[in-house]
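K.L.:
please work out how this folds:
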Amino acid sequence: MIRYVGIDLHKRLLVAHMLDEQGNTVATAKCEPVTAQTLEQFAKRYLQPGDHLALEVTTHCWAVVRFLLPAVARIVVSNPLATKAIASAKVKTDKVDAAVLANLLRLDYLPSVWMPSPEQSLLRELTARRTRLVNDRTKLICRIRTALAMRLIDCPCELAEPRGWQWLESCQLDGQGRLLVDSDLRLLKAVQAEIELLEKQLAQQTWQDDAVKLLMTLPGVSYKTAATIVAAIGDIQRFPAPEKLASYFGLTPSTHQSAGKCYHGKITKAGNVLARTALIQAAHSAARDPGPLGHFFAKTKRRKNYNVAITATARKLAMLCWQLLSTGKPYRYAKPSSVAAKLAKLRVAGSGVRRKGGLGPGVDPRVARPVEEQHQRRTGSLAEVLASEQVAEPDGLKPGERKMLEAIGSLEYYESLQQGSVRRKSRGRPEVAAEPPAPANAAEVALAP
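P.N.:
This is a model prediction of the structure:
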């Protein structure tokens, strides 16, 4: 006989309600506090191998799910917002909530959510911790700048770097100002050290992840942003269309429609907050890219304000993430030099492997190279860069894309990107990139991955 168990889970309390197949109450139980020992006693005393169990998403629900999963036949984790829309009661108690979950599970009306694997849960935890530490660092920097502004002092340095810390230590301040700044500076150094430690751990876990490397071909997406997005998505197959992924990140506009009137408002902001924030931050960098994303931002900004254009670009990034992960192909408009630098940084941070450059010991570059190439450094084509980092090669242009690029005069620019770039280096002067500029009419390039 199948029993249906509804659990109302709190941090220190678990209330269970058990029903049979006819909807009759079999038993009720309570577990307090919620620890491994008490959960083990609860499972041995009340649960049976054929039970179906339901609970809502909470802070530690996945730990409870993994602990109770061997003791039952099935566990369904519900979306509390959707559950509330289906069933609500005048009297709301823990016992009533547990009974409602059990009844909805018995009737197969319970809206469930996707269950991440243990590895994906750990990656989510790591990326969430890093994001929160970065927010703490921003708060400390703002607090230091506020203390300086109250004394009419402007800091010319970036306070997240050691150069800025040295400037703060040598800055002339009054007694109380020095006390406040030194206090926040000590906290800032400690937070920065923890961020670097987490970023190193994150690189070690993801430097061989193909999904992370694919997303890094997008402009503005580093390995930290890519890991945050991959951790939030989990299995890309659960999103049948790119619009579904953009909606999951809360980047789609809200809609209010009644009769013949329809109003589109601000974005919904529903779903994963950390991934949405990471995409919007990446959109600020993608807006400066000379490729299709940058031109899409410029085109949108001519009609809307800056924030709306950035949000629209972030939505395009989310849809491109779906396309890249679904097809397993990289972004074909990526700049080879930028992709090479990002992938090399991930490889060095994750494995410590640095590739040797140059011609080798005992080789005179004046003899081995022509005179015109002795002060040049070439970045390979996109296919060469991706092959060196064991990433799939991009697809070629489709006939319709090629025809469109020829019509607007951007085909030559696209082909030059695929051939790589050359950097000229001369003594006493910085490196100068010899990359072709974007054409004037490239704003109409289609945003195809």
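
K.L.:
in stretch 337-356, which residues are buried?
P.N.:
By 16 or more other C-beta atoms under 10 Å, the buried positions in stretch 337-356 come out as Ser337, Ser338, Val339, Ala340, Lys342, Leu343, Ala344, Leu346, Arg347, Ala349, Gly350. Where you see a C-beta, it was placed from the backbone N, CA and C, and this is true even at glycine.

K.L.:
so the third one sits against Val385, correct?
P.N.:
Just to be clear, that refers to Val339. Yes - contact criterion C-beta atoms under 8 Å: Val339 and Val385 qualify, at 5.5 Å.

K.L.:
quick check: end-to-end length of stretch 298-306?
P.N.:
One end of stretch 298-306 to the other measures 9 Å (C-alpha to C-alpha, to the nearest Å).

K.L.:
dihedrals phi and psi, the nearest residue to Glu21 once chain neighbours are set aside?
P.N.:
Leaving aside its sequence neighbours, Glu21 sits nearest to Ile2 (C-beta to C-beta, 6 or more residues apart in numbering; 5.8 Å). In terms of degrees, to the nearest 10, the main-chain angles of Ile2 are phi -90, psi 130.

K.L.:
close enough to count as contact, Ile2 and Asp51?
P.N.:
Yes - contact criterion C-beta under 8 Å: Ile2 and Asp51 qualify, at 7.3 Å.

K.L.:
sorry, back to before: quick check, nearest of the buried residues of stretch 337-356 to Ile75?
P.N.:
When the buried residues of stretch 337-356 are compared for distance to Ile75 (C-beta to C-beta), Gly350 wins out at 34.2 Å.

K.L.:
so the closest one sits in a strand?
P.N.:
No - counting by DSSP: H, G, I helix; E, B strand; the rest coil, Gly350 is not part of a strand but helix.

K.L.:
how near is it to Gln208?
P.N.:
7 Å (C-beta to C-beta, to the nearest Å).

K.L.:
ok, Ile7 next?
P.N.:
38 Å.

K.L.:
who's more crowded, those two?
P.N.:
Ile7 (26 against 13; other C-beta atoms under 10 Å).

K.L.:
and the more buried one, bridged to which residues?
P.N.:
Per DSSP bridges, the residues bridged to Ile7 are Ala16, Leu55.

K.L.:
how about Lys11, phi and psi?
P.N.:
Here is the backbone geometry of Lys11 (degrees, to the nearest 10): phi -60, psi -40.

K.L.:
count of residues packed around it?
P.N.:
By the criterion of other C-beta under 10 Å, Lys11 has 10 neighbours.

K.L.:
touching, it and Thr59? I think so.
P.N.:
Yes - look at Lys11 against Thr59 with C-beta under 8 Å: they come within range, at 6.9 Å.

K.L.:
who has more neighbours out of Ile2 and Asp51?
P.N.:
Neighbour comparison, Ile2 and Asp51: the larger count goes to Asp51, with 20 against 13 (by other C-beta under 10 Å).

K.L.:
so Arg332: helix, strand or coil?
P.N.:
Classified using three-state DSSP, Arg332 is coil.

K.L.:
pLDDT score assigned to the closest residue in space to it that isn't next to it in sequence?
P.N.:
Using C-beta to C-beta, 6+ apart and skipping residues adjacent in sequence, the residue nearest Arg332 is Pro394, 4.0 Å away. Per-residue pLDDT puts Pro394 at 84.

K.L.:
the one 3 residues further on too?
P.N.:
In this model, Leu397 is scored at 81, pLDDT.

K.L.:
distance-wise, check it relative to Tyr333.
P.N.:
To Tyr333, Leu397 is 10 Å away according to C-beta to C-beta.

K.L.:
mutual contacts of these two, please.
P.N.:
Both Leu397 and Tyr333 are in contact with Tyr414, where contact means C-beta atoms under 8 Å, 6 or more residues apart in numbering.

K.L.:
that's all I had, so thanks and see you.
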